[in-house]
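> This is the structure alone, sequence omitted:
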């Protein structure tokens, strides 16, 4: 029997996930909502059989729905997720979990109290490159882990793909650390444990950050995070340093390995990891199977690390 799904938020990610879920064998998209009438009408022209509206809050109480996917701005996540979980619905949300730590903490509390399936859409939860690094670390192929570096650079912010989402450009909810860095903080947390801040520095432009540098530890392993907006190519780089082998993930999905010599790119077999595979993992979790997805508790740990930059600057 298909899982009856509702979708909140019809921007770039909500539209993409709706299209994927509409074709997914495990789901039936029953309803979707967005306060923006233009977004609603755009989807109505493509998917006339879906019940569309402008009141996202109504989906939390909609008895037809088994699950909710949330793709609205981060500041709204708690307001939609908590009532949905309290009504017994499984919730799959975009990251970050929240902006206010009180919201994130309450989302984790309600998730634990209700016992419903809860998950965040971290890209690296099922990317083949990240899975291979996890396997290698668990099998001891990296040796002792001596450090992790993360580096993100952008010629401008927000990126072209997110210019219509105005909140992404702002300090209150957006910025490169929340939008990009959180994915890689999640991967580091998954492999090495929670990140403890040592020192963070951040500089803001007219809105979101233009420069950020932080040092953390995870199980005693030193971690660095660097983000910049400057005249530079767009760069996504995560490196795990081991005494036997080191691993580098670039551009979200390309894996390189070094045993002391030059980096050598590795060809990976199997699914790359996508919105489709993460929806499949969400369905599996709803049906009682194990899932590779991050839960809200993991999302809160990521939120705490990322928000430390902003709190330190306040």
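Structure's in. What do you need? Predicted model, so just to flag it, every value in this text is computed and none were measured. Residues are numbered from 1 along each chain as shown.
> Next, the most far-flung residue of the chain relative to its centre: secondary structure please.
In the chain, the greatest distance from the average C-alpha position (C-alpha atoms, centre = their mean) is reached by residue 261, at 32.6 Å. Following DSSP: H, G, I helix; E, B strand; the rest coil, residue 261 is assigned to coil.
> Residue 187 touches residue 238, doesn't it?
Yes. Here residue 187 lies in contact with residue 238, judged by C-beta atoms under 8 Å, at a distance of 6.6 Å. Every C-beta, even on glycine, is put in place using the N, C-alpha and C of the backbone.
> who touches both of those two?
residue 249 (C-beta atoms under 8 Å, 6 or more residues apart in numbering).
> about what we covered before: what's the spacing between the residue farthest from the centre of the chain and residue 44?
Applying C-beta to C-beta, to the nearest Å, the value for residue 261 to residue 44 is 56 Å.
> same check, this time on residue 13
Applying C-beta to C-beta to residue 13 and residue 44 gives a distance of 19 Å.
> So between these two, which is more surrounded?
Higher neighbour count among residue 13 and residue 44: residue 13, with 20 against 12, using other C-beta atoms under 10 Å.
> Could you tell me which residues make contact with the closest residue to that one other than its chain neighbours?
Spatial nearest neighbour of residue 13, excluding adjacent residues (C-beta to C-beta, 6 or more residues apart in numbering): residue 71 at 4.4 Å. Counting by C-beta under 8 Å, 6+ apart, residue 71 touches 7-11, 13-14, 17, 93-94.
> let's see it at 6 Å
9, 13-14, 94 (C-beta atoms under 6 Å, 6 or more residues apart in numbering).
> and those as a markdown table, adding pLDDT and distance to residue 295?
Below are the contacts of residue 71 laid out as a markdown table (pLDDT from 0 to 100; distance: C-beta to C-beta, whole Å):
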| residue | pLDDT | distance to residue 295 |
| --- | --- | --- |
| 9 | 97 | 20 |
| 13 | 95 | 19 |
| 14 | 96 | 21 |
| 94 | 98 | 14 |
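> Those in helices, which ones?
Residues of those located in helices (DSSP state H): 13-14.
> Need the contact partners of the helix or strand harbouring residue 102.
Assigned by DSSP states H and E, residue 102 belongs to helix 101-114. Residues outside helix 101-114 that contact it (C-beta under 6 Å, 6+ apart) are 78, 81-82, 85, 97-98, 118, 296-297, 300, 303.
> cutoff 7 Å now
With contacts defined as C-beta atoms under 7 Å, 6 or more residues apart in numbering, helix 101-114 is touched by 78, 81-82, 85-86, 97-98, 118, 296-297, 299-300, 303-304, 307.
> quick one: which of those residues has the most company?
residue 97 (31 neighbours).
> for the residue lying closest to that one once chain neighbours are set aside, helix, strand, or coil?
Counting by C-beta to C-beta, 6+ apart, residue 97 lies nearest to residue 299, which is 3.5 Å off, once chain neighbours are set aside. Here residue 299 is recorded as helix under three-state DSSP.
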